[in-house]
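**Q** after the sequence you'll find the predicted model.
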Amino acid sequence: MAKPRVKALLEGVDNYVNTVATLVAFIHESTWDTKRGDKLADARYAIGRRMTTSAANRISPASTVTPDAVVQRSPAYGLVCEVKTNIAVPADGVIPKHRREDIRKQVLTYDDPLVGWFTRMGGVSRQDVVLICDINRAQVLKDLLDQLAQTDGLRSEVVIVATVRRSQVSESVFMMEFRGSVADHEWDAKLRRGITVGSDYTLASKLGQLRFCDAPPDSPLHTMLILWDHVFMLLLRDRMRGGPAGGLGIDIPVNVAELTKLVQSFYGCEAKDERDTAMPDEAWIRDALEMFVNIGKAEKTGSDTYSIHYCAIRRELAAYFATRIADWERKDRARVGHGHPKQTGMFDQPPDHKERRPL
């Protein structure tokens, strides 16, 4: 009974990890100076940065928008990036009408001189829109954009970068330009040939440690894995030497706000100014902690405090937690007498930040 739900939970985590890995690879490549073997001197980037549209914007005039990422290769040139790795394409190869309209509105929103770049006046001379998608969805997306260029007209260059995540272990990502051209001719030729970006390049930087984007994971599972596998071990360093052995457990007291700041500093993003988005959001951390309580791995000790019952788990961690979550949901459905588990936090109400939809 719970197996389909376990599979869905694990696929949700893999999709989210794939989105983050793809975004990290593209940002790394677009800010890298191949000749110098170092980051471009003037390059800047941000994930989920709040940008402002012009009064003449065709979809959202004079509004705040949050692309998946913005990359400023130089003070004159910027890229507005959206990841479409999980765009749903039916067997007939036709994107549903409402999804096509979503993509159309998003592209036209970013096809505008946005303000919020890392320049004195907040603008750049040239701004391109980059849609990053899985390679087996690139042609469908290209057809849609070509049609959009004819019917609505595009002022910006809209580039499609098709990707393949070659190894889930190393997070190696192959990418190549599938539509359009970026401004830098040498980089454009490189993208047309195809580039493989491995984790050995990205892990050396803070960017390579990123585990979250500006949209929440589909379930608490992804955040739970980051907390259990990485963050709680950091908190254990002052409590024990060498880590827990066997099934021996230890209680770790945590505070939601402090834990959120810790995760942001190591595996997310901290807000450096009023346009930046800090991630993960505190609500994502709280929901992960609540789920730990639900499956018996934590106890709530106050309105913002928890005690984590930490121990070594010898089984594959993602499958273990997914199974425990699915079991809890099944029991909760039986208890409340309807088809949806009772949740608290961000899964009850639409969050203030944008939600990732399976376009």
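**A** Structure received.

**Q** once you drop chain neighbours, what's closest to the residue nearest the centre of the chain?
**A** Centroid-nearest residue in the chain, with CA atoms, centre = their mean: residue 213, separated by 2.8 Å. Spatial nearest neighbour of residue 213, chain neighbours left out: residue 20 (5.5 Å); criterion: CB to CB, 6 or more residues apart in numbering. Bear in mind the C-beta positions are built from the backbone N, C-alpha and C, glycine included.

**Q** buried residues in the host helix or strand of the one you found?
**A** Assigning secondary structure by DSSP states H and E places residue 20 in helix 3-30. Residues 5-6, 9-10, 12-13, 15-30 are the ones in helix 3-30 that count as buried (16 or more other CB atoms under 10 Å).

**Q** SS state for the residue nearest to residue 295 when sequence neighbours are not counted?
**A** Sequence neighbours aside, residue 324 is the residue nearest to residue 295 in space, at 4.1 Å (criterion: CB to CB, 6+ apart). Of the three states, residue 324 takes helix under DSSP: H, G, I helix; E, B strand; the rest coil.

**Q** wait, residue 324 sits on residue 313?
**A** No. Contact criterion CB atoms under 8 Å: residue 324 and residue 313 do not qualify, at 10.2 Å.

**Q** looking at these two, which one has more neighbours?
**A** residue 324 (20 against 13; other CB atoms under 10 Å).

**Q** got a pLDDT number for the more buried one?
**A** On the pLDDT scale, residue 324 is placed at 97.

**Q** how much space between it and residue 58?
**A** For residue 324, the distance to residue 58 equals 48 Å [CB to CB, to the nearest Å].

**Q** residue ranges of the helices in the stretch 51-200 of the chain, please?
**A** Assigned helices in the stretch 51-200 of the chain, in chain order: 97-110, 138-151, 185-193, 199-202 (criterion: DSSP state H, counting those that start in this stretch).

**Q** now the helix or strand following the shortest one, how far from the centre of its chain.
**A** Sequence-wise, the next helix or strand downstream of helix 199-202 (DSSP H and E) is helix 221-226. Average the C-alpha atoms of helix 221-226, do the same for its chain, and the two points are 13 Å apart (CA atoms, centre = their mean, to the nearest Å).

**Q** so what does the next helix or strand after helix 221-226 touch, helix or strand wise?
**A** Following helix 221-226 in sequence order, the next helix or strand is helix 232-236 (DSSP H and E). Helices and strands touching helix 232-236, by 3 or more CB pairs under 8 Å, 6 or more residues apart in numbering; DSSP states H and E, are strand 249-255, strand 305-311.

**Q** list the buried residues in the last one.
**A** Spelled out, that is strand 305-311. Quick answer for strand 305-311 (16+ other CB under 10 Å): 305, 306, 307, 308, 310.

**Q** please export the C-alpha coordinates of that strand as CSV.
**A** Taking C-alpha atoms only, strand 305-311 is exported to CSV below (Å, rounded to 0.1, in the frame of the first residue of the first chain):
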residue,chain,number,x,y,z
THR,A,305,12.5,23.9,20.2
TYR,A,306,12.9,20.2,19.6
SER,A,307,15.0,17.3,20.9
ILE,A,308,16.3,15.1,18.1
HIS,A,309,16.7,11.4,19.0
TYR,A,310,19.8,10.9,16.9
CYS,A,311,21.3,7.5,16.2
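
**Q** how many neighbours does residue 224 have?
**A** Look at residue 224: counted by other CB under 10 Å, it has 26 neighbours.

**Q** shouldn't it be in contact with residue 321?
**A** Yes. The pair residue 224 / residue 321 is scored as a contact, 5.6 Å apart, by CB under 8 Å.

**Q** how many neighbours does the closest residue to residue 15 other than its chain neighbours have?
**A** Nearest residue to residue 15, sequence neighbours excluded (CB to CB, 6+ apart): residue 86, at 5.1 Å. Look at residue 86: counted by other CB under 10 Å, it has 19 neighbours.

**Q** then residue 156?
**A** 18.

**Q** report the separation between it and residue 114.
**A** From residue 156 to residue 114 the distance is 10 Å (CB to CB).

**Q** next: residue 235.
**A** In terms of CB to CB, residue 235 sits 40 Å off from residue 114.
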